[in-house]
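> Quick one, what's the 3D model for this:
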Amino acid sequence: MAEKIRFASFPRTEAAPDFISSVVGVFQSHLSTIGTVELKKGLTSDQVLSVLCGDLMALGFDVETGKKANQKIRRPVFFGENGRPDLRYEIDAYHPEWSCGLEVEAGRAWMGNAVYRDLIQALVMVQLDHLVLAVPQTYKYLTSKRPTSSRDYDENTVAVADALYGHSRIQMPFTLTVVELLRRVFLGPSRAALGRPHSPWSSSHSRDNAWAFDMSAEVIHSLTMSR
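Next up is the predicted model:
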């Protein structure tokens with residue numbers, strides 16, 4: 001019997017939108033490709049998105065098809081003079097009728113801070129009422145030449161979503177569905193080998209640190225202006 005992809009929707013007190021079954025069905029139909037555990041190194045986020053692209057477009061999603069400017073999908077955060085967006089954030093896919101964004105993080109979703117980035121950017125995107133966030137079931141890497149794993153789906157991403165949507169101090173402006181991508185395998189050096197602390201708040205790549213620095217003032221400004 002084929003393994004079934006899991007998903008969790010938030011807040012827990014509301015049923016997932018009707019369209020979620022169709023979106024999860026796209027992931028399920030390509031499970032043999034995107035969820036393979038036989039590969040020595042799992043697929044990247046871009047590779048997973050390229051596999052899903054055709055079926056997502058058939059559902060009505062606008063999907064990123066490459067890294068060129070005209071191939072990216074950007075959602076406005078602020079509108080400037082003459083109604084033109086003067087700040088936009090990138091997203092992997094967006095469904096205009098459902099007001100649904102989609103992010104695929106098949107690699108270092110947790111250890112690379114991608115989960116936090118996606119949640120924060122979704123907070124301030126205009127006309128984004130639901131976010132689908134796909135993360136690995138397990139991210140495997142080496143520590144002192146020994147295999148170690150990060151359970152990105154349940155112990156990390158779902159746990160953070162539970163805290164955000166279950167806490168009385170926070171009112172999230174969008175609903176969320178976390179989709180489990182089957183096991184991801186990485187056989188590169190560990191954080192310790194690279195001389196970096198093992199913490200979800202500190203990045204594993206210099207580009208992640210650069211993102212955190214460059215985005216901090218921009219995000220704080222966006223959150224302040226959106227209140």
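
> Please name the bridge partners of V179.
Note on V179: beta-bridge partners by DSSP bridges are F7, A134.

> list the contacts for it?
Going by C-beta atoms under 8 Å, 6 or more residues apart in numbering, V179 touches 5-7, 23-24, 27, 132-135. To be clear about C-beta, it is placed using only N, CA and C from the backbone, and glycine gets the same treatment.

> for those residues, which one is nearest R84?
Of all the contacts of V179, V132 has the smallest distance to R84: 27.9 Å, by C-beta to C-beta.

> quick one on the thing from earlier: as a markdown table, the contacts of V179 with pLDDT and distance to A16 would be great.
Listed next are those as a markdown table, based on pLDDT from 0 to 100; distance: C-beta to C-beta, whole Å:
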| residue | pLDDT | distance to A16 |
| --- | --- | --- |
| I5 | 86 | 14 |
| R6 | 89 | 13 |
| F7 | 94 | 8 |
| V23 | 98 | 10 |
| V24 | 96 | 9 |
| F27 | 93 | 14 |
| V132 | 97 | 10 |
| L133 | 95 | 13 |
| A134 | 91 | 14 |
| V135 | 87 | 17 |
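
> Closest to L119 out of the residues you listed?
For those, the nearest to L119 is L133 (7.6 Å; C-beta to C-beta).

> on that earlier part again, now the two most distant members of the contacts of V179.
Among the contacts of V179, V23 and V135 lie farthest apart (C-beta to C-beta), at 14.5 Å.
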